[in-house]
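A.B. asks: I need the structure of the sequence given here:
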Amino acid sequence: MSELNKKTLPDATSGFASDLTSESANLGERLRRIWELTGLRQDDFAAKLGVTSVTLQNYFKNIRCPSSDFVKQTCSVFSVLPEWLLWGTGPMRRGNAEIAPAEAQNVCPIPDDDLQWMAPEAAPRMGYSLVPKVKARLAAGSGSLETDGNIEGYYSFKLDFLKRKGRPNDMVLMDVSGDSMEPILMDRDTVLIDQSQNAIISGGMFAVGVDHEVFVKYLDKVPGKLVLRSKNPEFSPIEVDMNDHLSDSVRIIGRIVWSCREYTR
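C.D. replies: Reported below is the predicted structural model:
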């Protein structure tokens, strides 16, 4: 019996067993499984791994045993665990990620020299969620509403990260304008809003619509009033009387659960 079938520990220098032999009868089947899941043409799959189609066919049929370098390349390119590829033990991939099927990969083919992307319907199977970013800009200064609600793109987040924050399907990204929340939020920062979290929590940061204006503010509740409070001390709190008709114009869009900042210079 070969060292491979004895499930030897990977070689310390290469990360894989260096004495692969043809006695690993199922390695070819597992390699074929990876190819089938990608949906790539066999020539393209072989090219990604630096071999010819003839060599790949020999690997599939266990006529030839792949080198340790080939195994390492396969695991690196397709994020496959070496324990699964070599011995069939454990999951194919770490976590709940999977290789996106062909129909998901080809939703919107793009040139090879352009940045590759992840199809929205394939993201959950790969352990991600794509959150839409809308062109709306939430005002953190004057409170003016600048939105037409159109989606300008999707941004990938780890699904388990979003689940710790709230409900991923109800999340949206928007840009902030103004300086009333400095230094917590700066002008042109991006915030992640969970629209399912619209119950007022005193001291929480929320996106709030008042009439035709949208604010990013801390919310405080006092008897009969809702106070929209800025972080910047130069901005006075906005008090909304919840006992008259003004209360009908207040809409809690959602709670701010995350933010990011892009440095352009």
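A.B. asks: Could you report the neighbour count for Arg255?
C.D. replies: Applying other C-beta atoms under 10 Å, we find 23 residues neighbouring Arg255. C-beta here means a position set from N, CA and C on the backbone, and glycine is covered the same way.
A.B. asks: Do I have it right that it meets Ile200?
C.D. replies: No - assessed by C-beta atoms under 8 Å, Arg255 is found out of contact with Ile200, at 9.4 Å.
A.B. asks: Overlap in contacts, these two.
C.D. replies: Phe206 (C-beta atoms under 8 Å, 6 or more residues apart in numbering).
A.B. asks: Which parts of the stretch 51-200 of the chain are helices?
C.D. replies: Remark: helices assigned in the stretch 51-200 of the chain by DSSP state H, counting those that start in this stretch are 53-60, 68-78, 82-87, 102-105, 159-165.
A.B. asks: So, low pLDDT: which residues of the chain?
C.D. replies: Residues of the chain that meet the criterion pLDDT under 70 lie in 1-25, 94-122, 136-150, 212, 244-248, 264-265.
A.B. asks: can the helices of the stretch 51-200 of the chain go into a markdown table with extra columns for distance to Gly39 and mean neighbour count?
C.D. replies: Formatted as a markdown table, the helices of the stretch 51-200 of the chain follow (distance: least, C-beta to C-beta, whole Å; neighbours: other C-beta atoms under 10 Å):
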| stretch | distance to Gly39 | mean neighbour count |
| --- | --- | --- |
| helix 53-60 | 16 | 17 |
| helix 68-78 | 12 | 18 |
| helix 82-87 | 19 | 20 |
| helix 102-105 | 2 | 14 |
| helix 159-165 | 22 | 14 |
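A.B. asks: how about these in CSV, adding distance to Leu37?
C.D. replies: Below are the helices of the stretch 51-200 of the chain laid out as CSV (distance: least, C-beta to C-beta, whole Å):
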stretch, distance to Leu37
helix 53-60, 14
helix 68-78, 8
helix 82-87, 13
helix 102-105, 9
helix 159-165, 19
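A.B. asks: Which among those helices is found nearest to Pro124?
C.D. replies: Pro124 lies closest, by C-beta to C-beta, to one member of the helices of the stretch 51-200 of the chain: helix 159-165, at 6.5 Å.
A.B. asks: who's in contact with that closest one?
C.D. replies: 96, 123-124, 127-129, 131, 168, 171, 192, 194, 257-258.
A.B. asks: Buried only: go through these for me.
C.D. replies: Using 16 or more other C-beta atoms under 10 Å as the burial test, the contacts of helix 159-165 include Ala123, Gly127, Tyr128, Ser129, Val131, Pro168, Met171, Leu192, Asp194, Val257, Trp258 as buried.
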